[in-house]
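Participant: Got a predicted structure plus its sequence, pasted below:
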Amino acid sequence: MRRAVCIIALVVFCSVLGGAYLAQATTADDVKALAEKALAFWKAHGKDKAIAEFNNPAGQFKKVDMYVGAVAFNGLILANGGNPKLTGMNLLEQRDPTGKYFIKENIEVAKKGGGWVEYSWTNPETKKIQPRKVLVTRVPGEDVYISCGTFK
């Protein structure tokens with residue numbers, strides 16, 4: 001009887017944890033909402049304040065497994081909420097583990113009006129390379145794009 005109670009308690013505990021994890025899982029709509037919020041913040045507060053806020057890992061642009069980044073069209077990382085240490089680095093020639101030049105692809109997508117890009121990248125939460133899907137949005141009037149994504 002005691003063993004059965006322990007098993008039931010373990011099942012309930014795992015169900016609660018699994019439910020909490022699923023409740024935190026992000027959707028494409030979540031990504032889009034955060035990207036739109038980031039672009040609105042940039043427009044309202046300017047480049048410097050936006051970059052500072054995007055680079056803040058405890059700030060409003062870091063949610064569950066989503067974070068916002070900003071990249072100049074020359075490949076210079078202006079902000080990376082998942083890893084602010086990348087700020088100031090030029091990743092134009094960076095490839096993901098599959099060989100994809102994802103920054104170049106992001107730039108091309110941004111120049112065409114924006115859209116979704118998929119590549120593999122290190123998840124700042126798990127420290128493992130995982131597939132990532134990002135929404136790329138050009139900042140109007142600037143040769144800069146904002147990216148926001150989630151890990152699959």
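Facilitator: All right, it came through fine.
Participant: going forward, measure contacts and count neighbours with C-alpha atoms only.
Facilitator: Fine.
Participant: where along this protein do the helices fall?
Facilitator: 2-24, 28-45, 47-54, 102-111 (DSSP state H).
Participant: Give me the mean pLDDT for the third one.
Facilitator: Per-region confidence: helix 47-54 scores 97 on mean pLDDT.
Participant: elements contacting that helix?
Facilitator: Helix 47-54 is packed against helix 28-45, strand 66-72, strand 77-80, with contacts defined by 3 or more C-alpha pairs under 8 Å, 6 or more residues apart in numbering; DSSP states H and E.
Participant: To Val117, which of those lies closest?
Facilitator: helix 28-45 (12.0 Å; C-alpha to C-alpha).
Participant: Name the residues of the closest one that come out as buried.
Facilitator: 30-32, 34-36, 38-39, 41-42 (16 or more other C-alpha atoms under 10 Å).
Participant: Leu135 and Asp29: what is the separation?
Facilitator: 10 Å (C-alpha to C-alpha, to the nearest Å).
Participant: er, Asn106 actually
Facilitator: Asn106 is 19 Å from Asp29, by C-alpha to C-alpha.
Participant: can you check Ile77 too?
Facilitator: For Ile77, the distance to Asp29 - C-alpha to C-alpha - is 25 Å.
Participant: do Gly141 as well
Facilitator: 25 Å.
Participant: now do Glu118
Facilitator: Taking C-alpha to C-alpha, one finds Glu118 at 16 Å from Asp29.
Participant: Could you do Val144 as well?
Facilitator: Distance from Val144 to Asp29, by C-alpha to C-alpha: 22 Å.
Participant: what does Gly114 give?
Facilitator: Taken as C-alpha to C-alpha, the span from Gly114 to Asp29 is 15 Å.
Participant: Stretch 91-100: how far from the chain's middle?
Facilitator: Centroid separation for stretch 91-100 versus its chain: 17 Å, with C-alpha atoms, centre = their mean, to the nearest Å.
Participant: no no, stretch 106-124
Facilitator: 10 Å.
Participant: repeat for stretch 62-78
Facilitator: On C-alpha atoms, centre = their mean, the centre of stretch 62-78 falls 7 Å from that of its chain.
Participant: Report the buried residues of that stretch.
Facilitator: 62-63, 65-73, 75-78.
Participant: next one: stretch 47-62
Facilitator: For stretch 47-62, by 16+ other C-alpha under 10 Å, it's 47, 50-51, 53-57, 61-62.
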